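Q: Here's a sequence, model it:
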Amino acid sequence: MKQSTACWRSHGLVQGQFSTMRHVILDTETTGLEVSQGHRIIEIGCVEMLHRRTTDRTFHRFVNPGREIDEAALEIHGITQEFLADKPVFPKIVDELLEFIRDAELVIHNAAFDIEFINAELSLAGHEVTEIRECCSVTDTLELARKMHPGQKNSLDALCKRYEISNPVRELHGALLDAQILAEVYLAMTGGQSALSLGADSEQRARQELAARQARKSRTAFRVIEAREDELAAHEAFLDKIAKESDSGCVWRKDTGQ
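A: Next comes the predicted model:
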């Protein structure tokens with residue numbers, strides 16, 4: 001694989017190393033589902049996270065794809081060709097994008113889809129970076145969710161419901177909105193704010209923390225058992241005996257003023 005120097009010019013990082021403290025949550029919208037059919041990216045949304053806390057830095061661009069948008073895709077995101085007519089083409093925004101994500105750990109839901117489209121756009125733009133993993137590592141939350149919740153639905157909406165994350169009912173998807181939602185999902189999946197990375201040790205801790213939270217959540221309320229009449233009578237009889245045999249009386253029957 002060609003190793004470009006474009007993504008290594010800052011932070012003093014060695015090739016193959018990425019900052020585990022900086023994450024970028026990324027999502028895209030496209031003209032259709034298949035790169036092989038010439039479909040293109042039309043929206044990119046990114047949210048920055050430092051030390052597992054989201055910052056106020058985001059990257060959000062609409063892109064003119066130079067082609068028609070499939071009706072099925074239009075129903076999902078509602079982005080029309082008319083709206084995109086005056087938007088920049090991908091080569092105009094690619095350097096901004098690479099600058100934003102450089103050296104970070106990308107967090108993407110169903111990463112194979114977005115990475116394939118981004119790499120295709122890089123190739124069409126004739127950019128010196130031809131594989132996005134030259135610039136950053138990639139974590140796929142869909143793969144992670146399938147390992148954590150095998151046999152269950154693991155769409156972004158399903159994960160929001162599972163982790164009780166606010167996900168307002170929306171008719172249309174948007175790249176930046178979905179990236180912001182995914183940021184919350186990712187934190188919930190990997191142990192909230194307490195875990196700092198997704199290494200082997202921290203992933204194990206995250207799983208333990210999640211299991212503990214789920215166990216606490218599933219606990220039922222304490223059962224209240226009231227004394228029977230015969231038990232109350234026996235208790236009073238025992239207090240009578242204490243009062244009779246003690247010079248100071250029965251302290252349990254005295255008013256302490258509390």
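Q: the strands in the stretch 51-200 of the chain, which residues?
A: 53-62, 105-108, 137-140 (DSSP state E, counting those that start in this stretch).
Q: Tabulate these (TSV), appending distance to residue 79, mean neighbour count and mean pLDDT.
A: From N, CA and C alone the C-beta is placed, and that goes for glycine too. Below are those laid out as TSV (distance: least, CB to CB, whole Å; neighbours: other CB atoms under 10 Å; pLDDT from 0 to 100):
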stretch	distance to residue 79	mean neighbour count	mean pLDDT
strand 53-62	7	15	96
strand 105-108	19	24	98
strand 137-140	24	17	97
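Q: Of all the ones you listed, which one is nearest residue 77?
A: Of all these, strand 53-62 sits nearest to residue 77, with 10.6 Å by CB to CB.
Q: confidence score at residue 231?
A: Residue 231 is assigned a predicted lDDT (pLDDT) of 83.
Q: Could you do the one 10 residues further on as well?
A: As summarised for this prediction, residue 241 has a pLDDT of 82.
Q: Give me the number of neighbouring residues for it.
A: For residue 241, the neighbour count with other CB atoms under 10 Å is 11.
Q: what separates it from residue 234, distance-wise?
A: Distance, residue 241 to residue 234, by CB to CB, to the nearest Å: 11 Å.
Q: before we move on, what about residue 98?
A: Relative to residue 234, and taking CB to CB, residue 98 is found at 80 Å.
Q: Now do the contacts for the closest residue to residue 38 other than its chain neighbours.
A: The shortest distance from residue 38 to any non-neighbouring residue, by CB to CB, 6 or more residues apart in numbering, is to residue 67 (6.5 Å). Residue 67 makes contact with 31, 38, 39, 40, according to CB atoms under 8 Å, 6 or more residues apart in numbering.
Q: what's around the second one, how many residues?
A: Look at residue 38: counted by other CB under 10 Å, it has 14 neighbours.
Q: how much space is there between residue 129 and residue 111?
A: Distance from residue 129 to residue 111, by CB to CB: 17 Å.
Q: Looking at those two, which is more packed in?
A: Neighbour count, other CB under 10 Å: between residue 129 and residue 111, residue 129 has more, with 23 against 18.
Q: Work out which residue lies at the spatial centre of the protein.
A: For the chain, residue 186 is the residue whose C-alpha lies nearest the centre (CA atoms, centre = their mean; 2.2 Å).
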